[in-house]
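[1] Using only what follows, build the 3D model:
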Amino acid sequence: MQIVSVEQLTARLGSLPGVEPRLVVSGNFGTPTILLQALAASRERCRVFALNAQSGWPVHPGFINETPFVGPGMRHDPGLDYLPMRLSLVPRLFDSLRPVDAVLVQASVPRSGRISLGIEVDILPAAIERVHARGGLAVAQLNRNMPYTFGDGEFPTDWFDLAVEADEPLSSPGQRDPSEAEIRIGELAAGFAEDGSTVQVGIGQVPDVAAGELVGRRHLGIWSEVVGDGVLALERAGSLDLGRPIRTSFLFGSPELYQWAHLNPRLRMTRTEVVNDPARIASNPAMVSINTTMQIDLFAQANASFVHGAVYSGFGGQPDFVLGALHSTGGHAVVALRSWHDKTDSSAVLPILTDPATSFQHSAIVSEHGSAEIFGRSQRAQARLIIDEVADPRARDDLRAAASTHWPSA
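    Below you'll find the predicted structure:
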């Protein structure tokens, strides 16, 4: 690994072969901003592949953004190349339709001849391995503020061709107090986990509340695509099984969470194709997945990806964890939502989705009004439960009328 200046890196990026070389870049809060600035200065055109790009993602007219999970930084890009697919399958793209020419990552400073991807691992090990095998370019932004985490994100320094030393603070999601509805939903969702359960929680207020509600449980395991401050609270409360490592693929939280992660032997940062593998998820005892959605319909189909026909996020890990939890012994796949959209003054429970489904066949659906345990119910029975327990009272009469057209005795 050769330490270079930004100007030297810019020249090297400009010499990448092809008109539109593909670069895989750290997403979420691990984005290497200095490397992206060098990329923008080096080329007029390229393809940039990243997960959940956050606000402030650079806009460059010649760059084509590619992603299977859309973050706020790419959400309004009219030229976005969205890839609708399960996150567990994304690394396969690098062997087939979307080969990688270069990888740009933010990493820790070297330690005993190795660097760590820190808070953002997910699909990056697969991309780095492919680039290493095919003689592409691997570049690291070495940041003293990036924690050194153990697991699949550790690489020998000689796997990277170039590095730029650039320290900058790691960003964190904005904080706000949960609403009464979110607190109630989180409480109900947490009720599906018992002592000894394995837990996955997604991003957002409801999963954070749910994690906070689990502090009274004991011997919990964590197998989750993302870990936030709620898991840190469980660790400090003594709720987690000390004999089981905490497995995740990226961290999404406060500076305190990042400090806790540094050199933490309990935390194992795990590549996406492992942590999101439904079979591996199912092997965990009493796996409880808690994810949120924007809409649900009377057929128990969830839309967590689209708003008015336009992609908002993507499948992410939700279908992987729903499937895995359903096949876990004693597992539950819980999907949570607010029953009413205040901005549009409309029900989040629909007779049938008008946008594509993200996941389906859940164990239970939870809103601020209650919990509908639908696993094993007939279509008629699950529709009744969703209307009576999940839907806002303002929507129930219309939903019952719609249900009667499908199931006359509903």
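[2] Let's verify Leu9: helix, strand, or coil?
    For Leu9, the assignment made with DSSP: H, G, I helix; E, B strand; the rest coil gives helix.
[3] my read: it touches Phe160, true?
    No: between Leu9 and Phe160 there is no contact under CB atoms under 8 Å: 11.9 Å. C-beta coordinates here come from the backbone N, C-alpha and C atoms, glycine included.
[4] Which neighbours do those two have in common?
    Shared contacts of Leu9 and Phe160 (CB atoms under 8 Å, 6 or more residues apart in numbering): Val139.
[5] Contacts made by the lowest-mean-pLDDT helix or strand in the chain with the rest, please.
    Ranked by mean pLDDT, DSSP states H and E, the weakest helix or strand in the chain is helix 205-213, scoring a mean of 86. Residues outside helix 205-213 that contact it (CB under 8 Å, 6+ apart): 176, 178-179, 182-183, 185-187, 189-191, 199, 201, 228-231, 233-234, 290-292, 336.
[6] after it, next one along is what?
    Note on helix 205-213: by DSSP states H and E, the next helix or strand toward the C-terminus is strand 221-222.
[7] And that following strand, what does it pack against?
    On a contact count with 3 or more CB pairs under 8 Å, 6 or more residues apart in numbering; DSSP states H and E, strand 221-222 meets strand 198-201, strand 246-248.
[8] quick one, which of these is packed in tightest?
    strand 198-201 (a mean of 30; mean count of other CB atoms under 10 Å).
[9] so what strands line up beside that one?
    Paired neighbours of strand 198-201 in the sheet (DSSP bridges): strand 221-222 (parallel), strand 287-292 (parallel).
[10] mind listing the strands in the stretch 1-150 of the chain by residue range?
    Per DSSP state E, counting those that start in this stretch, the stretch 1-150 of the chain has strands spanning 2-3, 22-25, 46-49, 63-67, 81-82, 102-107, 114-116, 137-142, 150-151. These are given in chain order.
[11] Which among those strands is found nearest to Ala372?
    strand 81-82 (30.8 Å; CB to CB).
[12] ok, and what's touching the closest one?
    Against strand 81-82 from outside (CB under 8 Å, 6+ apart): Arg47, Ile64, Asn65, Glu66, Thr67, Pro68, Val70, Val311, Gly314.
[13] cutoff 7 Å now
    Ile64, Asn65, Glu66, Thr67, Val70, Val311, Gly314 (CB atoms under 7 Å, 6 or more residues apart in numbering).
[14] got the domain boundaries for the chain?
    2-165, 180-406 (automatic domain parsing).
[15] Could you provide these in TSV, with additional columns for distance to Ser171?
    Formatted as TSV, the domains of the chain follow (distance: least, CB to CB, whole Å):
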stretch	distance to Ser171
domain 2-165	5
domain 180-406	10
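[16] List just the one of the ones you listed that sits closest to Ser172.
    Evaluated over those, closeness to Ser172 peaks at domain 180-406, with 5.2 Å, by CB to CB.
[17] now do the same end-to-end measure for the closest one.
    The stretch domain 180-406 measures 34 Å between its terminal residues, going by CA to CA, to the nearest Å.
[18] Same question for stretch 232-243.
    Start-to-end, stretch 232-243 (CA to CA) is 16 Å.
[19] Same question for stretch 96-106.
    Across stretch 96-106, the terminal residues are separated by 25 Å (CA to CA).
[20] With stretch 142-157 instead?
    Stretch 142-157 end-to-end distance (CA to CA) = 11 Å.
[21] What is the distance between that stretch and the centre of its chain?
    Relative to the chain's own centre, stretch 142-157 is displaced by 20 Å; criterion: CA atoms, centre = their mean, to the nearest Å.
[22] Any chance you could list what contacts that stretch?
    1, 106-111, 113-119, 121, 125, 128, 163, 165-170, 258, 261-263, 265, 267-271.
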